[in-house]
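S.K.: fold the following, please.
(one chain, ligands or ions: 1)
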Amino acid sequence: TDVIEEVKQSVNPDVDGAEILHSLLNAPWLQSLLKALLSAHDTVAQKDYDPVLPPMPEDLPDDEEATRIVCMVKNKQPLGATIKRNEITGEIFVARVICGGLADRSGLLHAGDRILEVNGFPVDGMEPEQVIQVQARSQGTIMFKVVPITERPIHNQTMLYVRAMADYSPQQDPAIPCADAGMSFRKGDILEIVDQTDSLWWQAKKLPSSMACAGLIPSTNLLKRKQREFWWSQPYQPHICMQTCRCSPTLCLTLLKYRVYLYILSKFTGFRRSMRLCRRRSHSTTQPSCHTRCPSSCYSALNCPFEEVVRYQRLPQDAHRLLALTGPSGVGVNQLRRRLIEMNPNIFRGAIPHTTRAPKAYEESGREYYFTSREIFDNMVYNNRFLEYGEHKGTLYGTSIESVKDVLNSGRICIIDIEPNAIQAVRTHELKAYIIYVKPPPLERLRETRQDSYITTNYYVNRPFKEEDFQEMEEAARKIESQYWQFFDHVIVNDELQDSCIQLLTAVRRAQDEPQWVPVSWIRPTAES
Ligand SMILES: Nc1ncnc2c1ncn2[C@@H]1O[C@H](COP(=O)(O)OP(=O)(O)OP(=O)(O)O)[C@@H](O)[C@H]1O
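M.R.: Residues are numbered from 1 along each chain as shown. You can find the predicted model right below:
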């Protein structure tokens, strides 16, 4: 009533709307509503809602531990805590509280709390599974009697983001403390590690994520230890660089056929296919492609199940990121690269390759190729100056880091196509390569879209695609994906060529102008990198 009176007095009937407000406040229904609300408030305010605790027993021993009663209303969410048993004393403890889970949000249960009772049942001596059964049987509410841990560890963990280098499924891991609390991930997924208190089992969220609750994942150490066990999606791959760096340059050169490409001379496209055929013919003696660069990130990426990453946003004054296209032979990598350059040669450039062959009359060193002697070429190999190099019909060809950097330093965007096993060579602090994987569409779409297309093989220049080419392409794609998927920043399914070009342009823009997850060593280079 006082409020209404006050408003009545302060209302100026000349002001627009005041009249309406005045009559509204005078409306009998609103007056009764306000009165009812105020009276309800007064009634509630007078009540004592403090819990009524039982009187303290008089004969309590002096060393009685302080206990806490935690009562929770059960809903569909899991409790978000795991328990463990002390095998010597038989006591049951909270092993961990899952970040963002029910128990965590309640703030009432903590790792290390000793559980005395669940719903009135003493649990000492029980197996953890039996405790869980007691908890599962409870209806409506669940009550824990716990002895709180006296010294809770201080969590001053720094946020850690990683890229998964392997697949993981908690349902197939018998070692996980609680499969339901586990989180599966696929290679290439970005994970936010929210808790590393346990050296074996971390808590993580998959990004981008709307999940409130984290999941349990094996730590780096545990994954390394377990890498040969069945829950790896594939057998451990020995480190490519470790293998290849051991071979002498001369040995590598004879083993490798290199694809030569030049965007203005499109007739050269397709050599990668011949290289592949050569490799296959000499399969028994072939080693993997010999990358001349073996940065530490390469070593760590293939040996560590997680690669630490940070968000990187290229600044306008920074050099562009190198664009590296890869995919199975014949899928259209070169076609896409060439189209992009043709679209805007002032912005996009390929890297000029080195060769040991003699220049033709119309050729000029530094335009079509850098023409060099075999000695200089070998010297560059020895000094790790090539991203990829190899031999074709007695001539050496290679893409040097300098030729890529020349394009980048000119302010243009350098776009190259690489064999998948050269990915590690371009994932470096100085090139910051954005890897685009060109994936073949399903077989029926390959047949439809490639009806008028031609491939160049070792034996034929520009012959129509055959069914076996499509099958080979699919098979090669499967292998590439199983080994390298985690390194792909973007995937383009090359179905309709026009669509793929548009997708490529969008990806290129994103790579240069939007924040991306990159290895932490690119931003905070370590001594070894
Ligand atoms: N989306 C597409 N639809 C139809 N034809 C395509 C498409 N993409 C590429 N092609 C054609 O397929 C053929 C092979 O493409 P391209 O030479 O680019 O393959 P590549 O991946 O570079 O493999 P290689 O190194 O063996 O040549 C070319 O004739 C190209 O024009």
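S.K.: the closest residue to the ligand within the stretch 1-150 of the chain in helix, strand or coil?
M.R.: The minimum distance from the stretch 1-150 of the chain to the ligand, using CB to the nearest ligand atom, falls at residue 100 (44.0 Å). Glycine gets a C-beta too; all of them are placed from N, C-alpha and C. Of the three states, residue 100 takes coil under DSSP: H, G, I helix; E, B strand; the rest coil.
S.K.: isn't it up against residue 215?
M.R.: No. Between residue 100 and residue 215 there is no contact under CB atoms under 8 Å: 9.8 Å.
S.K.: which neighbours do those two share?
M.R.: Taking CB atoms under 8 Å, 6 or more residues apart in numbering as the criterion, residue 100 and residue 215 both touch residue 205.
S.K.: can you report how many residues lie near residue 485?
M.R.: Neighbourhood size, residue 485 [other CB atoms under 10 Å]: 15.
S.K.: could you do residue 466 as well?
M.R.: 11.
S.K.: helix, strand or coil for residue 479?
M.R.: Secondary structure assignment for residue 479 (three-state DSSP): helix.
S.K.: what about the nearest residue to residue 467 once chain neighbours are set aside, distance to residue 327?
M.R.: Among residues not flanking residue 467 along the chain, residue 447 sits closest, at 7.7 Å (CB to CB, 6 or more residues apart in numbering). Per CB to CB, to the nearest Å, residue 447 is found 18 Å from residue 327.
S.K.: next one: residue 495
M.R.: For residue 495, the distance to residue 327 equals 13 Å [CB to CB].
S.K.: compare these two (neighbour count), which wins?
M.R.: Comparing residue 495 with residue 327 by other CB under 10 Å, the one with more neighbours is residue 327, at 28 against 18.
S.K.: which residues of the stretch 351-500 of the chain lie near the ligand?
M.R.: Contact residues (CB under 6 Å from any ligand atom) of the stretch 351-500 of the chain with the ligand: 449-450, 453-456, 494, 497, 500.
S.K.: can you pick the most crowded of those?
M.R.: Compared across those, residue 494 has the highest neighbour count, 24 neighbours, by other CB under 10 Å.
S.K.: residues in contact with that residue?
M.R.: By CB under 8 Å, 6+ apart, residue 494 lies in contact with 327, 331-332, 336, 438-441, 500.
S.K.: repeat for residue 132
M.R.: residue 83.
S.K.: may I ask which helix or strand encompasses residue 206?
M.R.: Residue 206 belongs to strand 201-207 when assigned by DSSP states H and E.
S.K.: still on that earlier bit, quick one: contacts for the residue of the stretch 1-150 of the chain closest to the ligand?
M.R.: 80, 194, 205, 211-214.
S.K.: how about residue 398?
M.R.: Residue 398 is in contact with 258, 353-355, 377, 380-381, 386-390, counting by CB under 8 Å, 6+ apart.
S.K.: could you point out which element follows whatever helix or strand residue 379 lives in?
M.R.: Using DSSP H and E, the element containing residue 379 is helix 374-382. For helix 374-382, the following helix or strand on the C-terminal side (DSSP H and E) is strand 386-392.
S.K.: tell me what that following strand is packed against?
M.R.: Applying 3 or more CB pairs under 8 Å, 6 or more residues apart in numbering; DSSP states H and E, one finds that strand 386-392 contacts helix 249-255, helix 271-281, helix 374-382, strand 395-400, helix 401-409, helix 423-426.
S.K.: now do 10 Å
M.R.: helix 249-255, helix 271-281, strand 354-355, helix 374-382, strand 395-400, helix 401-409, strand 413-417, helix 423-426 (3 or more CB pairs under 10 Å, 6 or more residues apart in numbering; DSSP states H and E).
S.K.: and the angle from that strand to strand 413-417?
M.R.: Interaxial angle of strand 386-392 relative to strand 413-417 (axes from the mean of the first three to the mean of the last three CA atoms, to 10 degrees): 40 degrees.
S.K.: any idea of the angle strand 386-392 forms with strand 395-400?
M.R.: Going by the same axes, to 10 degrees, strand 386-392 is angled at 170 degrees with respect to strand 395-400.
S.K.: and the angle from strand 386-392 to helix 374-382?
M.R.: Using the same axes, to 10 degrees: strand 386-392 against helix 374-382 is 140 degrees.
S.K.: just the CA atoms of strand 386-392, as PDB, please.
M.R.: Presented in PDB, the C-alpha positions along strand 386-392 are these (Å, rounded to 0.1, in the frame of the first residue of the first chain):
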ATOM      1  CA  PHE A 386      65.000 -29.800 -49.100                       C
ATOM      2  CA  LEU A 387      61.400 -30.400 -48.000                       C
ATOM      3  CA  GLU A 388      61.200 -33.200 -50.600                       C
ATOM      4  CA  TYR A 389      63.600 -34.400 -53.200                       C
ATOM      5  CA  GLY A 390      64.100 -37.400 -55.400                       C
ATOM      6  CA  GLU A 391      65.200 -38.700 -58.800                       C
ATOM      7  CA  HIS A 392      63.300 -39.200 -62.000                       C
END
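S.K.: run the angle between that strand and helix 401-409 for me.
M.R.: Interaxial angle, strand 386-392 versus helix 401-409 (the same axes, to 10 degrees): 130 degrees.
S.K.: surely residue 128 is in contact with residue 90?
M.R.: No. Taking contacts as CB atoms under 10 Å, residue 128 lies outside contact range of residue 90: 11.1 Å.
S.K.: the more surrounded of these two?
M.R.: Between residue 128 and residue 90, counted using other CB under 10 Å, the more crowded position is residue 128 (17 against 12).
S.K.: got the contact list for the more buried one?
M.R.: When contacts are counted by CB atoms under 10 Å, 6 or more residues apart in numbering, residue 128 touches 82-85, 92-93, 95, 177-178.
S.K.: try it again with 7 Å
M.R.: By CB atoms under 7 Å, 6 or more residues apart in numbering, residue 128 lies in contact with 83-85, 92.
S.K.: strands - which of the contacts of residue 494 land there?
M.R.: Counting by DSSP state E, the part of the contacts of residue 494 found in strands is 438-439.
S.K.: low-confidence ranges, the stretch 1-150 of the chain, go.
M.R.: 1-16, 50-57, 59-64 (pLDDT under 70).
S.K.: residue boundaries of the strands in it?
M.R.: Under the criterion DSSP state E, counting those that start in this stretch, the stretch 1-150 of the chain contains strands at 68-73, 81-85, 92-97, 114-118, 121-122, 141-147.
S.K.: can you tell me which of those is most buried?
M.R.: strand 92-97 (a mean of 23; mean count of other CB atoms under 10 Å).
S.K.: got the angle between it and strand 141-147?
M.R.: Counting by the same axes, to 10 degrees, strand 92-97 lies at 110 degrees to strand 141-147.
S.K.: in its sheet, what does strand 92-97 sit against?
M.R.: strand 81-85 (antiparallel), strand 114-118 (antiparallel) (DSSP bridges).
S.K.: how distant is it from the center of its chain?
M.R.: 30 Å (CA atoms, centre = their mean, to the nearest Å).
S.K.: you'd agree residue 472 is in a helix?
M.R.: Yes. Under three-state DSSP, residue 472 falls within a helix.
S.K.: run a quick neighbour tally on it.
M.R.: The local packing of residue 472 (other CB under 10 Å) involves 17 other residues.
S.K.: residue 212 too?
M.R.: By other CB under 10 Å, the residues close to residue 212 number 14.
S.K.: could you do the one 10 residues further on as well?
M.R.: A count of nearby residues for residue 222, using other CB under 10 Å, gives 19.
S.K.: that one and residue 94: what is the separation?
M.R.: Distance from residue 222 to residue 94, by CB to CB: 21 Å.
S.K.: can you list the contacts of residue 100 in JSON lines and add distance to residue 58 and secondary structure?
M.R.: Shown next, in JSON lines, are those (distance: CB to CB, whole Å; DSSP: H, G, I helix; E, B strand; the rest coil):
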{"residue": "80", "distance to residue 58": "39", "secondary structure": "coil"}
{"residue": "194", "distance to residue 58": "47", "secondary structure": "strand"}
{"residue": "205", "distance to residue 58": "50", "secondary structure": "strand"}
{"residue": "211", "distance to residue 58": "50", "secondary structure": "coil"}
{"residue": "212", "distance to residue 58": "46", "secondary structure": "coil"}
{"residue": "213", "distance to residue 58": "44", "secondary structure": "coil"}
{"residue": "214", "distance to residue 58": "46", "secondary structure": "coil"}
